[in-house]
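Visitor: Need a 3D model of the sequence below.
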Amino acid sequence: MATRRFHCSPLPIGVAVFATLALVVTGCSVPKRSGPLVIVGGGGTPREAIEAAVSLSHRGPAVVLPQASQRADAGQKTAQMFRDAGSERADVLTLTAESLAEDRAKLERAALIWFPGGSQNRLMERLRAIGVHDTIHARHRDGAVVGGTSAGAAVMSPLMITGQAELDRVERDGTTLATGLGLLPGTIVDQHFHRRRRFNRLLSAVISNPSYVGIGIDERTAIVVEGNRFDVIGESSVLVIEAPERESSDATILSAEGLRVHLLAPGMSGRVPTQR
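Guide: From the prediction side, this is the model:
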């Protein structure tokens, strides 16, 4: 099983410049970087996260996908939030059969794609049923900013916490996982983290899947991911859990030695997992 680690050392500036020049001289292209991610832990989107999303998208058109919610007016306040913050425009995509062609066209032009809260399971089911998750990945690869809060944060990882978990103990498969969008590879993202005391469910998920790094984001707090690093912004902190490289035991009651835990406050940075 491949191992993903949280920390990695950046190349020295001289080495990085030399490597880039070598690619140009040999006719190779420099790999294009995917767009930033702005991932909020729920409980309200902090001003810093809104400003970061709008600024990183260069105030271009935003689209809001509110399918995590069942409310008829879902997404309208979020769209207005981005208009007020300076986005060129902000549209709510209903993704119905009648609106799909127009919605897809707006999605393909979007500089910012945002997922509000609700149920991450409902959101992923709808995205797959309507067939736009591939378009979201393509826009992200082309540089669009993608972000979300609460349920919109949970879907960012390839292994998605569904909400079904044992919160009072740590045990094998005590946290039910599903497939998320996978825009932040090598991670399991949790939200409302400190406020709702979700340490046990993230710990269970990470020990049971030791090649993934757990990132627990508290309410009114966000991580802004660019390239191989992220910055913490907002009002609380982010907890990162790394499991040991070796597999844990097969016992129902989990055990693990060599766990690494990082508690990052606003203004601190971390490295995103890289495969090696």
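
Visitor: Please compute how far the helix or strand harbouring Ser55 lies from its chain's middle.
Guide: Counting by DSSP states H and E, the secondary-structure element that holds Ser55 is helix 47-56. Distance, stretch centre to chain centre, for helix 47-56: 15 Å (Cα atoms, centre = their mean, to the nearest Å).

Visitor: for stretch 202-210, same thing?
Guide: 17 Å.

Visitor: again, but for stretch 261-275
Guide: Stretch 261-275 sits 13 Å away from the centroid of its parent chain (Cα atoms, centre = their mean).

Visitor: thought Val146 was touching Ile136?
Guide: Yes. Counting by Cβ atoms under 8 Å, Val146 touches Ile136, with 6.8 Å between them. Every residue, glycine included, has its C-beta placed from N, CA and C.

Visitor: So between those two, which is more surrounded?
Guide: For Val146 against Ile136, the residue with the higher neighbour count under other Cβ atoms under 10 Å is Val146, and the figures read 28 against 21.

Visitor: first to last residue in stretch 167-174, what's the distance?
Guide: Start and end residues of stretch 167-174 are separated by 8 Å (Cα to Cα, to the nearest Å).

Visitor: buried ones in that stretch?
Guide: Of the residues in stretch 167-174, those buried under the neighbour-count criterion (16 or more other Cβ atoms under 10 Å) are Val170, Gly174.

Visitor: now do stretch 113-122
Guide: Using 16+ other Cβ under 10 Å, the residues of stretch 113-122 that count as buried are Ile113, Trp114, Phe115, Pro116, Gly117, Gly118, Ser119, Gln120, Asn121.

Visitor: Could you pull up the mean pLDDT of that stretch?
Guide: Stretch 113-122 comes out with an average pLDDT of 97.

Visitor: Next: stretch 128-136.
Guide: So the average pLDDT for stretch 128-136 ends up being 94.

Visitor: Residues in contact with it: which ones?
Guide: Contact with stretch 128-136 is made by Leu95, Leu100, Asp103, Arg104, Leu107, Glu108, Ile113, Met124, Leu127, Val146, Leu181, Leu183, as judged by Cβ atoms under 8 Å, 6 or more residues apart in numbering.

Visitor: mind listing the helices for this protein?
Guide: Using DSSP state H, the helices found in the chain span residues 13-25, 47-56, 76-85, 100-109, 120-130, 133-141, 151-154, 199-208.

Visitor: could the ones you listed be laid out in JSON lines, adding distance to Asp218?
Guide: Output for the helices of the chain, formatted as JSON lines (distance: least, Cβ to Cβ, whole Å):
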{"stretch": "helix 13-25", "distance to Asp218": "33"}
{"stretch": "helix 47-56", "distance to Asp218": "13"}
{"stretch": "helix 76-85", "distance to Asp218": "20"}
{"stretch": "helix 100-109", "distance to Asp218": "30"}
{"stretch": "helix 120-130", "distance to Asp218": "17"}
{"stretch": "helix 133-141", "distance to Asp218": "25"}
{"stretch": "helix 151-154", "distance to Asp218": "11"}
{"stretch": "helix 199-208", "distance to Asp218": "11"}
